[in-house]
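**Student:** predicted structure and sequence below. I'll ask about it afterward.
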Amino acid sequence: MPSAKNPDKIMEIAPISGPILVSGAAGFVGRTVTQALGAAGCSVVVALRRSGAALPGAARAIDAGDLAAPTPALSASMRGVSVVVHAAGLAHRTGVDPAALAAANVTAAARVAEIAASRGVKRFILVSSAAVHGKAPPGVVTEASEPDPDDAYATSKLEGEQAVQRVLAGTGTELVIIRPCAVIGPGCAGNIPRLVRLVARTPLLPFGAIGNQRSFIAIDDLAALIVAAAQAPRAVPEILLAAHPDPIATPDLIRALAAGLQRRLFLAPVPASWLGLAARAAGQGAAWRSFAGSFRAHPVLAQQRLGFTAQTPLETAFAAAARSVVL
């Protein structure tokens, strides 16, 4: 089974042509990927858990049903599809049942991969997460770095990768695992909307002395990378990190959010060690590592093999995210 020690392992494949199926197309990532694929001239089939309004970029929609079911509803609809972009899954949220994470991020991914292989799909793109490397790993993360998940969500994403690797090993379906760092843009979930609301409520925050560096990627850049991987005429590295080449410090991130809200903000230089002690005393040590720790990613293979470099400045992405939050 391929591993992170051999991230650029590639295989010969038949030419890519035909429709592209996107699972999880109604989600934050899937919706933008669908629109980007459509804008690139691709024929896009979207697999939706529930019927609804047509998605921009989609040629047609199908009922995906429960992807973790023994025989997902999309089985009959994958005939003739050349590429599958599996963007469905359960996002990083607190208090989620580990069994639900396993069903959404492991079992469902494996089921879709099984169908893809049986239908002769040429390339399977699995949208995973750089969270498989932990919240604040030492050094710089590359495609060759060993995973080291430190919570249930990250563990489920890594197990999903491994399950799909097992399913597709020895088949004619090429696997591409994309591990995005935290994805930023209008409508993003998680800590950013909460931080935006905090910035909106007070002109003074105690985070000015945090001296970290964290990697992120704008949603439009992630979609562009997925389009490049889907359309690549040659085999693609099995693991691709998705990140802007320049990380950002948490104080600068907060300033970008304030700029998006057009709010004045002062960041007091309270020692980060004091804040960390307070967070751990409140049982928020993991959240503090995500907020104040460093996560530096160096996405080598996307640039080398696909000629892709993220273009959206992170300050711009954070400002846009701030403007989209309902206060």
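**Tutor:** Looks like it came in fine. Residues are numbered from 1 along each chain as shown.

**Student:** any chance you could map the strands in the stretch 51-200 of the chain?
**Tutor:** Assigned by DSSP state E, counting those that start in this stretch, the strands in the stretch 51-200 of the chain fall at 60-63, 83-86, 123-127, 140-141, 174-180, 182-184.

**Student:** parallel or antiparallel, which strands does the first one pair with?
**Tutor:** This points to strand 60-63. Looking at strand 60-63 with DSSP bridges, its partner strands are strand 44-48 (parallel).

**Student:** list of residues touching the strand it pairs with?
**Tutor:** Contacts made with strand 44-48 from outside it, assessed by CB atoms under 8 Å, 6 or more residues apart in numbering, are listed as 19-26, 30, 34, 37-38, 55, 57-64, 67, 74, 77, 81, 88. Placement of C-beta: from N, CA and C, glycine included.

**Student:** which among those residues end up buried?
**Tutor:** Among the contacts of strand 44-48, those buried by neighbour count (16 or more other CB atoms under 10 Å) are 19-26, 30, 34, 37-38, 55, 57-58, 61-62, 64, 67, 74, 77, 81, 88.

**Student:** does residue 113 touch residue 167 like I think?
**Tutor:** Yes. The pair residue 113 and residue 167 passes the contact test of CB atoms under 8 Å, sitting 4.3 Å apart.

**Student:** which of the two has more neighbours?
**Tutor:** Legend: neighbour count by other CB atoms under 10 Å for residue 113 and residue 167, higher for residue 113 (25 against 21).

**Student:** contact partners for the more buried one?
**Tutor:** Neighbours of residue 113 in contact, by CB under 8 Å, 6+ apart: 86, 124, 126, 163-164, 167-168, 173, 175.

**Student:** what is the nearest of these to residue 291?
**Tutor:** residue 126 (27.5 Å; CB to CB).

**Student:** give me the neighbour count for the closest one.
**Tutor:** A count of nearby residues for residue 126, using other CB under 10 Å, gives 26.

**Student:** that one touches residue 158, doesn't it?
**Tutor:** No. With contact defined as CB under 8 Å, residue 126 does not count as touching residue 158 (11.4 Å).

**Student:** quick one: which of the contacts of residue 113 is nearest residue 297?
**Tutor:** Nearest to residue 297 among those, with distances taken as CB to CB, is residue 126, at 17.8 Å.

**Student:** got a list of what that closest one touches?
**Tutor:** 86, 109, 113, 160-161, 164, 175-178.

**Student:** again, only using 10 Å
**Tutor:** 84-87, 89, 109, 112-113, 157, 160-161, 163-165, 168, 175-179, 238-239 (CB atoms under 10 Å, 6 or more residues apart in numbering).

**Student:** coming back round to it: including distance to residue 200, could the strands of the stretch 51-200 of the chain go into a markdown table?
**Tutor:** Converted to a markdown table, these look like this (distance: least, CB to CB, whole Å):
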| stretch | distance to residue 200 |
| --- | --- |
| strand 60-63 | 36 |
| strand 83-86 | 35 |
| strand 123-127 | 31 |
| strand 140-141 | 32 |
| strand 174-180 | 27 |
| strand 182-184 | 17 |
